[in-house]
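Novice: Structure for this input, please:
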Amino acid sequence: MDLHIGENITVLRDCDALLIPMGTPVTIPEGSRVMITQALGSSYTVNINGNLARIESSNADALGFESTPQETEKSSKADGPVNEDALWEAMEQCFDPEIPVNIVDLGLIYHCDIKPIEIDGSQVGNQVDVVMTLTAAGCGMGPILVEDVRSRLLDVDNVTEVDVELVFDPPWDRSMMSDEARLQLGMF
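Specialist: Alright, predicted model coming up:
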């Protein structure tokens, strides 16, 4: 099935989802009609009865798409360097479910730092510390976005631990967006 943004489709089985922006878990019943409004990163945003909901790619089959296979076990050897560009590329695969722009270009990532983990003078891994915010402090999707960042960074070679801190100071504003994001959203 081809992905057509704005097209109404029928849900093929009961499907777990999260209401946007509250983050409340819901089940979309089999046979429901939904409209896909966004399919970026590892999730789909759908409109169901005037409400937005986020569906993870592991439930894509409920929408008639191929589900993402379960993650394979990552190698335990992680004493090499971490490619910082790979970290930023991983975070660029995380999307605000209401805005079709990745969280890096939205300016939601304030800081990303790599620290080697050592035991008895030998490097045994790497920790990545991220400080991020949300476009709105009351957004219930914060924990979901934090977990999305954490899981994507853990997939980067040689990353063994990730700490994502969600802050609201300084508060996010539109000036933090990249030029590409402003252009994509028509804000120039």
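Novice: In this protein, where is pLDDT below threshold?
Specialist: Scanning the chain with the threshold set as pLDDT under 70 gives 1-4, 68-79.
Novice: Which parts of it belong to which domain?
Specialist: 8-63, 84-184 (automatic domain parsing).
Novice: in this protein, which spans are helices?
Specialist: For the chain, the helices defined by DSSP state H cover 84-91, 142-154, 179-184.
Novice: okay, those helices, which one's buried deepest?
Specialist: Mean neighbour count (mean count of other C-beta atoms under 10 Å) peaks for helix 142-154 among the helices of the chain, with a mean of 18. (Glycine included, C-beta is placed from N, CA and C.)
Novice: Tell me the spacing between Leu145 and Asp173.
Specialist: Leu145 sits 18 Å away from Asp173, going by C-beta to C-beta, to the nearest Å.
Novice: what residue is smack in the middle of the chain?
Specialist: With distances taken as C-alpha atoms, centre = their mean, Cys94 lies nearest the centre of the chain, 3.2 Å away.
Novice: I figured that one hits Asp148, correct?
Specialist: Yes: if you go by C-beta atoms under 8 Å, Cys94 and Asp148 touch, sitting 4.7 Å apart.
Novice: Need the residues touching each of the two.
Specialist: Taking C-beta atoms under 8 Å, 6 or more residues apart in numbering as the contact rule, Cys94 and Asp148 both touch Gly41.
Novice: Got the phi and psi for the residue nearest to the centre of the chain?
Specialist: Here is the backbone geometry of Cys94 (degrees, to the nearest 10): phi -100, psi 130.
Novice: Now do the contacts for it.
Specialist: When contacts are counted by C-beta under 8 Å, 6+ apart, Cys94 is found next to 41, 102-104, 145, 148-149, 152.
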